[in-house]
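Colleague: Let's see this in three dimensions:
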Amino acid sequence: MNTSPANSASGRPHRMDPAGGCPHAANARLLSQGAVTSVVLPGEVEGMAVLGHDALREFLAHPDVAKDARHFAALQAGEIADGWPLRTFATVQGMTTADGADHRRLRSLVSKAFTARRVEQLRPRVEALTASLLDGLDRAATAGDGVADLRTHFALPLPMGVICELLGVDAGQHERLHHLSDRMVSTDTGPAEAMAANREMVQVLGAVVTAREEDRRDDLISALITAREADGDRLAPQELIGTLMLTIVAGHETTLNLITNAVRALCTHRDQLALVRSGAADWTDVVEETLRWDSPVSYFPFRYPTRDLTLDGTLIPKGTPVLAGYSAAGRDTKAHGADAGRFDVTRDGGTRHLSLGHGAHYCVGAPLARMESAVALSQLFARFPDLDLAVPDAELPRHASFVGNSVRALPVRLRR
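Modeller: I've put the predicted structure just below:
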């Protein structure tokens, strides 16, 4: 049994590419060597990644694994620069970086907005917004000789509009917030740009909170402000901003990538689209298979063992920053079978994917992401049954990130 920190077959840790790119070839190579691997993060920061499905499931729910950055050994030792592109993931104060009672306290304040009942109440609004955006996509294609960027005109504004409406963020802020969110998720940003994006996000959200303090509405920000005023111990000011930041980033980036990746998958697997149209599968099946086969999040930062931890025979030292390898786990043949690399909307769901997390930090917005994506895909292909990629999938520009997993543009032709 290997009880030393994991290394690649070459004897060197896997170097995470800040420019991102398609993760699947590297994932397959790393998985063939083991479920856990050592990695080098941007800035020559040493870390590890959990890739295998079973190992990741165990790791995500392990009682000796924390999210709070006070367990990040290199950060506490002063070895992580302020402009490190992944620093915000570790240091922002909110429910995704809290443990135990603090996590339960913060999650309880947000979770009421994402219950199954609340999500169903949102369905008519999502359906109406989807139809409106499809009108806009059609107009953009008409102006562009039949081709339009589906990501810009549809996959982005749908989840961004929904999450901001739920929070209480006015439409005039959407574009700026997405730009800043994109900068925060990117892993190729320089120190100055990373720090500037974080500062501006805090400023923009601070202004939103100030405005809502003077104009309460039936939205999540107003509810959080009221909770803070009623009991300051429940939500500190920095936790309010951090919670909003994380909710906006996670609330639209994941669904944006999910819709984008599902459209790409269906356009390059027309037989699977035909199965949906024939009734052999439904749009929920498409959403779940896309989450498994091409996870919208590839490697999510960070978790930290609170003691030396042996996982699947490999030692992860205490205080190591660990990436959750969702895109790798989704194609792990040990969990999903020899054909794990095949997109199959009729796949037996006996082994569930982990792309929305597992354990206490399971994605609070999962019901909303699933509903939005199913509505979006259903209406999109009903209105444009011949929709197809305007350029080969392999030529689409990839996200400059190993956190988010998708493409930066999705030019489609709506009609033959």
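Colleague: Going by C-alpha atoms from here, please, whenever you check contacts or count neighbours.
Modeller: OK.
Colleague: what about the protein, any weak spots by pLDDT?
Modeller: Within the chain, the segments meeting pLDDT under 70 span 1-11, 232-233, 349-351.
Colleague: Where do the strands of it begin and end?
Modeller: 14-15, 36-41, 45-50, 65-66, 147-149, 299-305, 309-311, 314-316, 322-325, 388-389, 411-413 (DSSP state E).
Colleague: Dump these to CSV, plus mean neighbour count and distance to residue 205.
Modeller: Listed next are those as CSV, based on neighbours: other C-alpha atoms under 10 Å; distance: least, C-alpha to C-alpha, whole Å:
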stretch, mean neighbour count, distance to residue 205
strand 14-15, 18, 34
strand 36-41, 23, 29
strand 45-50, 23, 30
strand 65-66, 21, 27
strand 147-149, 23, 28
strand 299-305, 23, 23
strand 309-311, 17, 38
strand 314-316, 21, 37
strand 322-325, 27, 27
strand 388-389, 21, 36
strand 411-413, 21, 32
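Colleague: Looking at these, which is nearest to residue 405?
Modeller: strand 299-305 (8.5 Å; C-alpha to C-alpha).
Colleague: Next up, the contacts around residue 92.
Modeller: Shown in contact with residue 92 (C-alpha atoms under 8 Å, 6 or more residues apart in numbering): residue 242.
Colleague: And for the one 4 residues further on?
Modeller: Going by C-alpha under 8 Å, 6+ apart, residue 96 touches 67, 103, 246, 361.
Colleague: What residues does the third one make contact with?
Modeller: Okay, so that is residue 246. So residue 246 contacts 94, 96 (C-alpha under 8 Å, 6+ apart).
Colleague: From what I see, residue 306 and residue 65 are in contact.
Modeller: Yes. Contact criterion C-alpha atoms under 8 Å: residue 306 and residue 65 qualify, at 5.7 Å.
Colleague: for the contacts of residue 96, which one is nearest residue 132?
Modeller: So of the contacts of residue 96, ranked by how close each gets to residue 132 (C-alpha to C-alpha), first place is residue 246, at 27.1 Å.
Colleague: hmm, back to that, which of the contacts of residue 96 sits closest to residue 143?
Modeller: residue 246 (35.8 Å).
Colleague: Roughly how far does the closest one sit from residue 180?
Modeller: 12 Å (C-alpha to C-alpha, to the nearest Å).
Colleague: which residue packs closest to residue 28, ignoring adjacent ones?
Modeller: Of all residues beyond its chain neighbours, the one nearest residue 28 is residue 328 (7.2 Å), with distances taken as C-alpha to C-alpha, 6 or more residues apart in numbering.
Colleague: Count residues in the vicinity of that neighbour, would you?
Modeller: 32 (other C-alpha atoms under 10 Å).
Colleague: still on that earlier bit, out of the contacts of residue 96, who has the most neighbours?
Modeller: That'd be residue 67 among these, by other C-alpha under 10 Å, with 26 neighbours.
Colleague: need the contact list for that residue.
Modeller: 90, 96, 97, 98, 99, 302, 303, 304.
Colleague: Make TSV from the residues you listed and add distance to residue 225 to it.
Modeller: As requested, those are exported to TSV (distance: C-alpha to C-alpha, whole Å):
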residue	distance to residue 225
90	24
96	19
97	20
98	20
99	22
302	28
303	29
304	31
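Colleague: and which of the residues you listed is nearest residue 372?
Modeller: For these, with residue 372 as the reference and C-alpha to C-alpha as the criterion, the closest is residue 96, at 22.1 Å.
Colleague: what's the spacing between the closest one and residue 40?
Modeller: Residue 96 is 23 Å from residue 40, by C-alpha to C-alpha.
Colleague: Look at the residue lying closest to residue 133 once chain neighbours are set aside and say how many residues are nearby.
Modeller: Spatially, and ignoring its direct neighbours in sequence, residue 133 is nearest to residue 154 (5.8 Å; C-alpha to C-alpha, 6+ apart). By other C-alpha under 10 Å, 25 other residues sit near residue 154.
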